[in-house]
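**Q** Predicted model and sequence below, questions to follow.
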Amino acid sequence: MTQIQKSPQPAPAEPAPGPPTPSGAAPHEKETGAAWRRDLSASVVVFLLAVPLSLGIALATGAPLQAGLVAAAVGGIVAGLLGGAPLQVTGAATGLLVVTADLVQRYGWRATCAITVLAGLAQLALGALRVARAALAVSPAIVHGMLAGIGVTIAVGQLHVVLGGSPDSSAVDNAVALPGQLAHPHTAALLIGAVTVAVLAGWPRLPGRAGKWARLVPAPLAAVLAATAVGMGTTVPRVELPSWRLPQPPVLPDASLTAVLTAVLTVTLVASMESLLSAVAVDRLAAERPGTPPGRPRLNRELAGQGLANVVSGLLGGLPVSGGAIRGSANVRAGAATRRATVLHGVWVLLCAGLLAGVLELIPLAALAALVMVVGVRMVSFAHLRHVQRHREFPVYAATLGAVVLFGVLLGVLTGITVGIFLALRRLTHTRVAVTEESGRHRVRVSGQLTFLAVPRVTRALAQVPAGAEAVVELCGSFMDHAAYEALQSWAATHRATGGSVALGGRSGRPIAEPTSTHACRPWTPWRNHHCTRPAPARTADHRSGGQLLGGVSAFQRHTAPLVREELARLAREGQRPTQLFLTCADSRLVTSMITSSGPGDLFTVRNVGNLMPPPGSDASCDSVAAAVEYAVEVLRVESITVCGHSGCGAMAALLDAAGSPPSSEGATPLTRWLRHGHPSLARMARIGRLGRGEVALAGRPVADDQERLALVNVRQQLDHLRAHPCVARRMAEGTLTLHGMYFHVAEAQAYLLDESGGRFRAVRADVPAIGV
């Protein structure tokens, strides 16, 4: 069949306007009773989480406590209906807590509401200008440093409330006053706060079946209920909700225009960044669920929805709102299918505020303060810190964090941007030159960009190489201007004239003086097509005895080693920290780093014939795979395990050939003994039949033959074997480990991911972007 290829068209930045497709909802579920039940259940879970969190944020800002409930209701209903990230849950902004507290203290509550309205209008304008994607271009080090600084400020301030005191507006003043507060704590408030923190920390770790059922109740709700019960017989400040009445209209602050614009800009910046980052994170979390079709949040629409929610919240006397990863992740994990879950959660908050005010007034303020304090502590993420350190942006992170704590959010962000620009300029202009001698060979290593500014430093280093010596010059930067090129070529010619030898290696993986067309090999090029790894004609015998392997290693040392040496040196110092365990077949056609676009330190890979995972209780000769899994799960603390089968698997063919023969231990070879662990897969395929019975299928095309069907069944069976191992089962129960199935069709160069809920392997599309935050 002839296919007509159309010229590629540029993809639009946003999907065309129209009815939103809920992220995380399969199309056939949109109007079914199952989707409604999932949304209803998720809305209740998020509601139970949002009420104590909203009250705690309102308490920490110094705003009226009902302002937190107004923000939760408005955020859920308005942003839930109109936003572009359907599973995101909007409410009182954790990231704006410090900013809002400062505004309330400086200008009063009604003026803070006016600033909220103006910030919402600014967000509407930004959404109309379609700048949401551009906002995500801000360095993650700045964003995470800002959130960490806000978290530190929150935690230190709320610790005073837990101890029975009251916080100051300055984080520095709070830190200075903390020793005195610790010396004279309020015993009852401290006890209530300690109970809250203990329940928050221990609730997700409750063991056994009882713990599984208990975790259906959100940890913040369980902590507040426990603290309220403990504080029943004590005299401590509690929630006070005045009778509901029409809110007073906002009034503009009695301040200069510059001060007002600064306040509006700060609220707009923080609320927008937190909402957009949360939208991307929640969408990524939803995409990991089985059965979730690929989709992207409509960020410009989300920004406009957040703006309208802020306008309404400010007019009704509510706190500034933003999307939050805490509420959004709870919504996804509770099984939300559409935006109905978000809207219903807002309705439940509204009903609770009107009908259950008396119950809410039993909650001690110390419990809410402890809840918000823990939220602040968790905003300082060590995972983000490791990520920033890996990308050499820790100075930006630290500068932003420190400036936010000392000077406030806006100055903190500006400080981070300034430090980031300085580091970028320094990396562009800073060049390091090192000269070493190894067994008579002089190695000159140039790190950084090679411009005319670095030519004097490079020529001084090259002058240290003795005349007539063997020299290797490694250029590890990504740019070299004409002046530097001419200087290197001139020195190389002079050095060769004195009887010396020079090898000049560039960043691109080829000698810099070599014509571009002479080295066109790619990392995935097989040896038979390689131009740079073929042995010399005089070494034909070496070719048969491993010379091709030696040629490949030599090409690595020549072209690749200079590029990866710095990263490998870092891994050697810090040790391996992979996040994924990849269990696949030993087949030579499966190149795991090529399929997953991974590099050194990313994957902990286990390979064997047939990608088999012997179940617990197998004979001791099969412990090697289980040992690797235990090491990855318990020691390396990987976050996911993927079992990957493939087309044309020889192990599956051998299992099918032996299917009619009775098993015998006499004359069994190591290979036949190993393939016994594939017999459960063979039996499972026989049980489900050729149609798969809902257990295995390929989305988009039929299964080709029994060998492919067995490869698919085998992936599911080995996942079941993995779940039977105690270390895997425990981590999965804790919610810290996920399992995935994958199938790779070699001839199509196509990967398929398993949707375990329906047993279908879905093709991974090339046009689905990977978004990192």
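**A** Great, that's in hand. Residues are numbered from 1 along each chain as shown.
**Q** May I have stretch 644-663 as CSV, with CA atoms only?
**A** Once non-C-alpha atoms are left out, stretch 644-663 reads as follows in CSV (Å, rounded to 0.1, in the frame of the first residue of the first chain):
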residue,chain,number,x,y,z
CYS,A,644,10.7,-5.1,28.9
GLY,A,645,10.1,-8.0,26.4
HIS,A,646,10.7,-7.8,22.7
SER,A,647,9.7,-9.3,19.3
GLY,A,648,11.5,-12.3,17.9
CYS,A,649,12.7,-13.4,21.4
GLY,A,650,14.6,-16.7,21.1
ALA,A,651,13.6,-17.7,24.7
MET,A,652,9.9,-17.4,23.8
ALA,A,653,10.5,-19.5,20.6
ALA,A,654,12.3,-22.2,22.7
LEU,A,655,9.4,-22.3,25.2
LEU,A,656,6.9,-22.7,22.4
ASP,A,657,9.0,-25.5,20.8
ALA,A,658,9.2,-27.4,24.1
ALA,A,659,5.5,-26.8,25.0
GLY,A,660,4.5,-30.3,24.0
SER,A,661,7.4,-32.1,25.7
PRO,A,662,7.0,-33.2,29.4
PRO,A,663,9.6,-31.5,31.7
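**Q** Any buried residues in it, and which?
**A** C644, G645, H646, S647, C649, A651, M652, A654, L655, L656, A658 (16 or more other CB atoms under 10 Å). Bear in mind the C-beta positions are built from the backbone N, C-alpha and C, glycine included.
**Q** quick one: contacts for the fifth one?
**A** If a contact means CB atoms under 8 Å, 6 or more residues apart in numbering, then C649 has C585, D587, G610, Q707, A711 as its contacts.
**Q** What of the third one?
**A** Contacts were defined as CB under 8 Å, 6+ apart; by that measure H646 touches T584, C585, D587, R589, L590, A711, Y743, F744, H745, V746.
**Q** do you know how far the fifth one is from V764?
**A** I take that to be L590. 15 Å (CB to CB, to the nearest Å).
**Q** Tell me which of those two has more neighbours.
**A** With other CB atoms under 10 Å as the criterion, L590 and V764 differ in neighbour count, and L590 comes out ahead with 19 against 14.
**Q** which residues in the stretch 401-550 of the chain form helices?
**A** Secondary structure of the stretch 401-550 of the chain by DSSP state H, counting those that start in this stretch: the helices cover 409-429, 455-462, 482-497, 540-542, 548-555.
**Q** could you give the mean pLDDT of the longest one?
**A** Right, the one you point to is helix 409-429. Averaged across helix 409-429, pLDDT comes to 83.
**Q** Pull out the buried positions in it.
**A** Here helix 409-429 shows V409, L410, G412, V413, T415, G416, I417, V419, G420, L423 as buried, counting by 16+ other CB under 10 Å.
**Q** How about residues contacting stretch 348-360?
**A** With contact meaning CB under 8 Å, 6+ apart, stretch 348-360 is reached by 43-44, 47, 50-51, 54-55, 66, 69-70, 72-73, 76-77, 239, 241, 244.
**Q** hmm, back to that, which of the contacts of C649 fall in helices?
**A** The members of those that map onto helices under DSSP state H are Q707, A711.
**Q** between the contacts of C649, which is nearest L308?
**A** A711 (50.7 Å; CB to CB).
**Q** name the element the closest residue to that closest one other than its chain neighbours belongs to?
**A** In this structure, A711 finds its nearest non-sequential neighbour in G645, 4.3 Å apart by CB to CB, 6 or more residues apart in numbering. Here G645 sits within strand 640-646, counting by DSSP states H and E.
**Q** just Q123 next, same as before
**A** Q123 belongs to helix 109-129, assigned by DSSP H and E.
**Q** just to revisit the earlier point, using a markdown table, lay out the helices of the stretch 401-550 of the chain together with distance to I595.
**A** Formatted as a markdown table, these follow (distance: least, CB to CB, whole Å):
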| stretch | distance to I595 |
| --- | --- |
| helix 409-429 | 32 |
| helix 455-462 | 40 |
| helix 482-497 | 37 |
| helix 540-542 | 31 |
| helix 548-555 | 20 |
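**Q** All set, thanks.
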